[in-house]
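Participant: Predicted model follows, preceded by the sequence.
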Amino acid sequence: MTLPNPTELLPRMARDLRAHLAARQISDPRFIGIQTGGLWVAQALLEELDERGPLGALNVSFYRDDFSRTGLHPQVGPSNLPFEIENQHLVLIDDVLMSGRTVRAALNELFDYGRPASVTLVCLLDLDARELPIRADVLGATLSLAPDERVKLLGPSPLALERQMLASQ
Amino acid sequence: MPTAAIKRPLQLNDLGQLRHFLSLDGLPGELLTEILDTADSFLEVGSRAVKKVPLLRGRTVCNVFFENSTRTRTTFELAAQRLSADVITLNVSTSSTNKGETLFDTLRNLEAMAADMFVVRHADSGAAHFIAEHVCPEVAIINGGDGRHAHPTQGMLDMLTIRCHKGDFANLSVAIVGDILHSRVARSDMLALHALGCRDIRVIGPHTLLPVGLEENYGARVFTSLSEGLKDVDVIIMLRLQRERMQGGLLPSEGEYYRQYGLTTQRLALAKPDAIVMHPGPINRGVEIESAVADCAQSVILNQVTYGIAIRMAVMSMAMSGQAAQRQLESETAAQEQN
Amino acid sequence: MATMRILGARVIDPASGLDEVTDLYLDATKIVAIGKAPLDFTADETLDAQGLVAAPGLVDLSVSLREPGYGRKGNIASETLAAAAGGVTSLCCPPLTRPVMDTAAVVDLVLERAQEAGHTRVFPVGALTRELGGEQLAELVTLRDAGCVAFANGLNEIPNTRNLRRAMEYAATFDLTLVLHSQDAALAEGGLAHEGPTASFLGLPGIPESAETVALARQLLLVEQSGVRAHFTQLTSARGVEMIAEAQARGLRVSADVALYQLILTDEALAGFSSLYHVQPPLRSLADREALRQAVKSGVVQAIASHHQPHEQDAKLAPFAETEPGISSVELLLPLAMTLVEDGLLDLPTLLERLTWGPARVLQLPAGRLAVGAPADLVLFDPQTSTLAGESWYSRGQNCPFIGHCLPGKVRYTLLDGRISYRA
């Protein structure tokens, strides 16, 4: 199956997000991208939405659940949330939703900053391989991969998807 | 000539990651940079409302201090707590080793209580190496200072301080002033500066307080005159002068030392106008540094404490991570061999 | 008593210059012939020694037996057996026992135990001062009569120069030999390693070269003044052996030995803080080691000794400063020394002289010769096979950094008084 072109997904995602927020009467959300891919998607999405507000960057390395097995992952840079979390409506953006553990880590981290009023999850891709009860509120596309396949987002501009094979055991 | 077997560096696992943090000797510049970058992320954590991350939740960190130190001990405790670890502090000077129990047995007993990490401070050079090699190879050992040999977390926090305030090391002039002979901080600083590419490392002090081999071991330039040595430097690291140095003929008096080597406002003016003043603490006002200088705008002494917590969080998580990765690698290898 | 013939060995006797492939004939405790069998000689035992070297049994000037008083570290039976395994038939033990060897009673005990064990001859070195305290002279003549061959004060300096002079004059009166360590206590105080870039890097307090040379200067001047026969032991520095050479050139009766490990190791061995390399006096620089090697080659240093110091495991299993100094190595004396031949520093006869005749002459010991009428104290070794150090181990002390190494040469037989004291 061919990989979708992220740029082509963005306009519909922007429309879906506007509709989702409007239905809940959320007018001034704070946007946060999960480093690094989610941040790229967030930047592109904000452009699509013509949003000029601040964009938060979240590094979830310290909240992952696989530390005791595989240790610290290579660093992607400190988190930077230039706004209050307490009582805010958040839009959390990631590139690929797979097991759901990254989003779980991101939520834990956000709650350590404060208590948000709500969190809306936007993902470019859902790989239909969830291990936790987490789903995107706004989704670009669903993709099914073979067990040893992965997909990687290239960026920041232009955004593109690349298929990768896992190294054999 | 009988030849010795070549050993894998004690501090690194098979993937070249940190699994003990004993000294900066033998650690490549890239790894030191990785420590600084990781510490940057933890600095950000320290500025949040909730200053904790769950990285070491459920792990036990034992601070085993054979040498007394309130300040280093509390920063290690704080660092471990901010990583959500359980922390135990053992001041061994007051407990079982005085009853004749060897260091070996003391630590083996602690290991049996399922400690995941030891932070060790000891009066003997090489103590942390001894523990990592002979006592508890499976437990991550962090050297909190061993004799005169090394204080690697202090070395790294000093580097983080320099990087945050001055940027890249390649074009900096750094002066270390004082009792280099007895200083583990100076040794770690010089190793770190050298590995990170600093090309002008200066040490300043009287001959009685300077060890041999400074040029050979660290590429450092030796000055016995403070005015000469401070000319146009970007960073001044002042070392603490201990009272004991007045005995045993090393120095005549604190007064004479201050007059020759104390950092006064006049002497500070010989450095670059934006030079920073550092000190590992605790400072002796009026002995190695003038009070006004310790409190002036160029002094980053208090910032060093903040950087210290971030660095300690970084090395503790990296070492714990390196141990986990090694265990994973070994069980994968064992599984493969069974097939 | 038994007779034995040893056939086909390369027989080397440094004292006479003999170096040829020939046969040896032993009767009871003595060598009765070299070359041709005596008339009416029948051998009860024959050793086929083709390919082996036969040399006088090695004479080791310093082997700590640890008895009386240090039972955890070793005892006379175990350490003399270890020595025999290293090719040694005569050894000197230093006075650092507990109680110190400053009374005839301690000397008697050591000689008795050595006789019982029967692995090597033991020639005790007595204490120069009571309790090695550096103040009062020990009863040197009484100790000599009990069996002491020389007198020493260990690494403990005699702080009062006047006492040192008097001790030398007293010893000179009776033509007694002094064995002197050279280390100025104040300069060496607190030091753990050679004061150089390595110790500096590791943060180990240093013992400067001047600790040896300052003490040596003081001792040499007083030796000159008193006329005492003096042997300087365990030298470590280039400057130190230079001073010995000068003194010898001036006609002083001074001899010297170095520890075998000092000819092989340098302070760089301390890099990982391994306590196995913690020794006193310390391992010094590469330049020092090279000068020591040259001094051994030229004969300024007449003897190589093991300076064997076995320790219990606990003594070495602690941070460096808390460990006790010393290497256990007598049982590797021959193969470890053979590395000097392998390196091309010495030829085999010269090496053997530094290990047999040289040390024997220094302390005037009845040993170190392979001649007709001499006691049948021999070592037979194979220069072509190697020894895997540690494969078998007789000493109570495992504190040896050479364990696990492959060393050139292998002792096959050590004979004491015509009887096999060690067999590989």
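Facilitator: Yes, it's here.

Participant: Next, the contact list for the spatially closest residue to C:Y413 that is not a sequence neighbour, please.
Facilitator: Here the nearest residue to C:Y413 in space, its sequence neighbours aside, is C:L380; by C-beta to C-beta, 6 or more residues apart in numbering or on different chains that works out to 4.3 Å. Where you see a C-beta, it was placed from the backbone N, CA and C, and this is true even at glycine. With C-beta atoms under 8 Å, 6 or more residues apart in numbering or on different chains as the criterion, the residues that contact C:L380 are C:I6, C:A9, C:L47, C:A49, C:L52, C:V53, C:A54, C:V411, C:R412, C:Y413, C:T414, C:L415.

Participant: ok, and what's touching stretch A:137-147?
Facilitator: With C-beta under 8 Å, 6+ apart as the test, stretch A:137-147 has contacts from A:1, A:3-4, A:6, A:9-10, A:12-13, A:16-17, A:20, A:97, A:120-129, A:151, A:163.

Participant: Looks like A:I134 contacts A:V103 (just checking).
Facilitator: Yes. Taking contact to mean C-beta atoms under 8 Å, the distance of 5.1 Å between A:I134 and A:V103 places them in contact.

Participant: Give me the common contacts of the two.
Facilitator: Taking C-beta under 8 Å, 6+ apart as the contact rule, A:I134 and A:V103 both touch A:L97, A:L121.

Participant: Who has more neighbours out of the two?
Facilitator: Each of A:I134 and A:V103 has its neighbours counted (other C-beta atoms under 10 Å in any protein chain shown); A:V103 has more, 24 against 16.

Participant: Quick check: the gap between that one and A:D112.
Facilitator: Between A:V103 and A:D112 the computed distance is 15 Å (C-beta to C-beta, to the nearest Å).

Participant: Tell me how many other residues surround A:L132.
Facilitator: Summarising burial for A:L132: neighbours were counted as other C-beta under 10 Å, giving 11.

Participant: what does C:V53 give?
Facilitator: When neighbours are defined as other C-beta under 10 Å, C:V53 has 23 of them.

Participant: Identify the residue spatially nearest to it, adjacent ones excluded.
Facilitator: C:R10 (4.8 Å).

Participant: and after the strand or helix carrying the one you found, which helix or strand comes next?
Facilitator: Element membership for C:R10, per DSSP states H and E: strand C:3-13. Taking DSSP H and E as the definition, the helix or strand that follows strand C:3-13 towards the C-terminus is strand C:18-27.

Participant: Just list what the following helix or strand past that next one packs against, helices and strands only.
Facilitator: Using DSSP H and E, the next helix or strand after strand C:18-27 towards the C-terminus is strand C:30-34. Counting by 3 or more C-beta pairs under 8 Å, 6 or more residues apart in numbering or on different chains; DSSP states H and E, the packing neighbours recorded for strand C:30-34 are strand C:18-27.

Participant: do you know how far the residue nearest to C:Y413 is from C:I12?
Facilitator: Per C-beta to C-beta, C:L380 is found 11 Å from C:I12.

Participant: who touches both of these two?
Facilitator: Going by C-beta under 8 Å, 6+ apart, residues that sit against C:L380 and also against C:I12 are C:V53, C:A54.

Participant: who in chain B is up against chain A?
Facilitator: By C-beta under 8 Å from any C-beta of the partner chain, the residues of chain B that approach chain A are B:17, B:34, B:37-38, B:40-41, B:43-45, B:48-50, B:52-56, B:317-318, B:320-322, B:324-325, B:328.

Participant: If you check chain A against chain B, which residue is the closest one?
Facilitator: Using C-beta to the nearest C-beta, the closest approach of chain A to chain B is made by A:G71 at 3.0 Å.
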